[in-house]
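**Q** just to be clear, the model below is a prediction. Sequence and coordinates:
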Amino acid sequence: MRWIVATSLRFRYLVAGLAVALLYFGVTLAGSQKLDAFPEFAPVSVEIQTNCLGLSPSQIEALTTVPLEAALHGVPGVYDIRSDSEPQLSAIFLYFSKGTDELHARQLVQERIQATARTLPSWCDVPQMYPIVSATSRVMQIGLTSKTVSLTDLSMMAQWQLRPRLMDVPGVANVAIWGEKPKQLMVEADPAKMAASGVAFEDLISTAANAVDASEVKFTTGAAVGSLGYLSTGNQQVDVHNIQPIAAPRQLAQVPISVQQGKVLDLGDVADVTWGYPPLIGDAVIDGGPGLMLVVEKFPGANTLDVTNGIDKALTAMAPSMPGVTINNQIFRQASFIETALHNLSQSVLLGCLLVVFVLLMFLFQWRAALVSLLAIPLSLAAAEIVLVALGTTVNTMILAGFCVAVGVVVDDAIIDMENIVRRLRAWRAAGRMITPVHIVLAASLEVRVAIFYATLINIIAVIPVMLVGGLTGTFFEPLALAYGLAVLASMVVALTVTPALGYLLLRDARLKEAEPPLVRRLKRGYSAVLIRGLRAPVRVCCAVAVVLLIGGFAYPRLGEDLFPTFKEPDFLLHFVTKPGTSVTEQDRMVTALQDQVLKVPGVTTAGSHIGQALLGEEVSGVNFSETWLSLAPGTNYDATVNDLRVVADSFPGAFSDVQTYLHERIDEVLTNGTTEDIAVYLEGPDINTLATLGNELSARMAKLHGLQDVQPAPLEFIPQANVTVNTAAASQYGLTPGDVRREAAIMMASEPMWT
């Protein structure tokens, strides 16, 4: 340490120049650093979604989910497999052990899927892996509404114009569209007219299939049209392309089915041909009316602010090409929370620096010494920041918290060093300048440096166990401990090099008063009086300490505990779950009523809800599940608004509802394996009815515990369904097999998809 301090004093101008360069580089780097709300705390996982048109959860469980689960058992690194079978959707979640390479895990899963997909029923789509997304994946939710554009046309704009543009934004991993109603040609059969004309379902399906281009049709009847090939004229070869002649319902309605008694029977004579959309698996409500909701998710490690800015620019660029469409990008913006946090942090840091300057001036009574001590803070944090950037770390709330905790230690190192230098220089000048100032500064720095070195090592060693904690707690607090340790270590290096060099440069010719600062003298007099009384009555002092310890031990068990403080995010979400079997129309009505009340709450500016599922959407649920997202205006009374929202959520009897923030929900989902509550109690057994009874009894008892809110059993109930049993004796009289009856019943109830 003597050599380090002496070398720093010898090359003091070089050290000062390097300090300025370090500070400049750190400030510049801070402006381009990746920012996120939380570290990537979720375990490595792979989600597989399989769409099964028209199937009930029990059918999906038996025919799709179980075979896929069986095939995925034994994938290396998997410690848990969970599945969820919802109407028309199978979802399987594979959780991998810590340290697993996510791309390698997805490759192993993809190999199993490819080997199993061909064994699934033909009405199941190819299983798809959900994109790789961040732990706090939702970066923005966009509402689309229009008074002049129909929802089908709006869906086509969102799918073919807006979604591709948003997917091009760097950092965007997925864009799911809730409430999408893709525009399709619909042939609505009229059984009475078909029976009167002697037209069978097979004839109707075959005619509709033959009316369109084979390249755009998924033929379930086995029909196919070969390529038209090419024309050759000897010295030229021209490909022949089949132009689709059907572009509107009127044209499709004029396609002939048969000729009866010399009269051509058209498709429109036995069916209504219109524009329409397939059966809904979900919907969206925007600001109390119909619309679309686009949920934009980001890749792990993506800069949330940069992704948000890119999305905003894309929306601005696309707005002129979508006339009559209102784009609401304020329903949920994760960047708003980060921007607010950075703004508050900047104000706090500025206020803290002013307080540090005031304290330094009061205690040191020398502005040059105060300046050197103050410079140690940004230098230490800048050095720690550079190391974190080199490690590829994204700046998040926990890293900022680590820096804030480290500021006290950082400034303490510099203050102790500078105070000793000033004190020794005063004594040196009072003694008649017998030694050169360099030796005084060197001796003063080394005098306190050994003690500070040991203290720094203790501080760093104390946080090492935090970095070794496993699970979710370790994932969260490891960045905090790392940032704290790096800042403290950097402060020691700064105190060994920069502080002596700048202290010598600024104080060697400064006028130092021989007397101590007035505040220090008064504090010493007061401390001396208290110390003398304590030394004269040591028994009383020990008794007072014992009483304080007893009071602390008595109060500690009564202190509340939580993984995190309550983050006052400017966005909320309300889960709203009704009884299984609720229709999309009824869920729309109830969610619209909920939004009407939510928008009347003071401070709520906008609201948007997504219901049920979306193609490759994050939520795996039935149409009885919905989430209502809302934003608060700046300056809103936060606690009062939360209470008002809880009152609104509880005003719908028979429905499960709660009020949460997105970051809190994501933490709860990881802690409790997919649920959104702070505490989840799982009951297992062979009988669902007994489990439901026990769940109701347990929740009633837990609701009486102090401090618990929203205690409700999970809404797991049997979904109503209509069973169809083929009367084989009656069917055989008409020459029908059970398969014929099932297929035609399925077409009548759920339609037959013809387009890919």
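**A** Structure received. Every value quoted in this text rests on a predicted model; they were computed, and no experiment measured them.

**Q** count of residues packed around the nearest residue to residue 495 once chain neighbours are set aside?
**A** Using C-beta to C-beta, 6 or more residues apart in numbering and skipping the chain neighbours, the partner closest in space to residue 495 is residue 413 (4.3 Å). Heads up, the C-betas are built off the backbone N, CA and C, glycines and all. Using other C-beta atoms under 10 Å, residue 413 is surrounded by 27 other residues.

**Q** all numbers from here: first residue = 143
**A** Taking 143 as the first residue, the last one we looked at is residue 555.

**Q** in the stretch 443-592 of the chain, which ranges drop under the pLDDT threshold?
**A** Low-confidence segments of the stretch 443-592 of the chain (pLDDT under 70): 571-578.

**Q** let me see the ranges of the helices in it.
**A** Using DSSP state H, counting those that start in this stretch, the helices assigned to the stretch 443-592 of the chain run over residues 446-460, 476-506, 509-532, 539-572, 579-610.

**Q** so can I have JSON lines of these showing distance to residue 327?
**A** Listed next are these as JSON lines, based on distance: least, C-beta to C-beta, whole Å:
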{"stretch": "helix 446-460", "distance to residue 327": "27"}
{"stretch": "helix 476-506", "distance to residue 327": "40"}
{"stretch": "helix 509-532", "distance to residue 327": "55"}
{"stretch": "helix 539-572", "distance to residue 327": "51"}
{"stretch": "helix 579-610", "distance to residue 327": "61"}
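
**Q** for residue 305, see how far away residue 753 is.
**A** With distances taken as C-beta to C-beta, to the nearest Å, residue 753 is found 19 Å from residue 305.

**Q** which one's more surrounded, those two?
**A** residue 753 (30 against 19).

**Q** got the phi and psi for that one?
**A** Main-chain torsions, residue 753, degrees, to the nearest 10: phi -120, psi 130.

**Q** who's in contact with it?
**A** 320-321, 424-427, 726, 729-730, 733, 765, 767-768 (C-beta atoms under 8 Å, 6 or more residues apart in numbering).

**Q** same question for residue 276.
**A** 178, 182, 315, 439-444.

**Q** and the pLDDT for it?
**A** Residue 276 is assigned 88 on the pLDDT scale.

**Q** determine the three-state secondary structure at it.
**A** coil (DSSP: H, G, I helix; E, B strand; the rest coil).

**Q** distance of it from residue 551?
**A** From residue 276 to residue 551 the distance is 32 Å (C-beta to C-beta).

**Q** same check on residue 462?
**A** Counting by C-beta to C-beta, the gap from residue 462 to residue 551 is 55 Å.

**Q** the closest residue to residue 442 other than its chain neighbours and residue 744, how far apart?
**A** Leaving aside its sequence neighbours, residue 442 sits nearest to residue 276 (C-beta to C-beta, 6+ apart; 4.6 Å). Residue 276 sits 33 Å away from residue 744, going by C-beta to C-beta.

**Q** what do you get for residue 274?
**A** Distance from residue 274 to residue 744, by C-beta to C-beta: 40 Å.

**Q** over to residue 264?
**A** 55 Å.

**Q** these two: who's more crowded?
**A** residue 744 (11 against 5).

**Q** correct me, but that one touches residue 780?
**A** No. With contacts counted by C-beta atoms under 8 Å, residue 744 stays clear of residue 780, the gap being 11.6 Å.

**Q** pLDDT weak spots in the stretch 143-292 of the chain?
**A** Ranges of the stretch 143-292 of the chain meeting pLDDT under 70: 173.

**Q** hey, where'd the strands end up in it?
**A** Along the stretch 143-292 of the chain, counting by DSSP state E, counting those that start in this stretch, strands occupy 187-193, 220-228, 231-238, 270-271, 280-288.

**Q** what's the neighbour count on residue 462?
**A** As a burial measure, residue 462 scores 7 neighbours (other C-beta under 10 Å).

**Q** now it: how far from residue 428?
**A** 21 Å.

**Q** for residue 350, same thing?
**A** 34 Å.

**Q** go on, residue 408?
**A** 40 Å.

**Q** looking at these two now, which is surrounded by more residues?
**A** Remark: of residue 408 and residue 428, residue 428 carries more neighbours, 25 against 17, as counted by other C-beta under 10 Å.

**Q** can you tell me how far residue 787 is from residue 737?
**A** Using C-beta to C-beta, we find residue 787 at a distance of 12 Å from residue 737.

**Q** again with residue 443
**A** Residue 443 is 35 Å from residue 737, by C-beta to C-beta.
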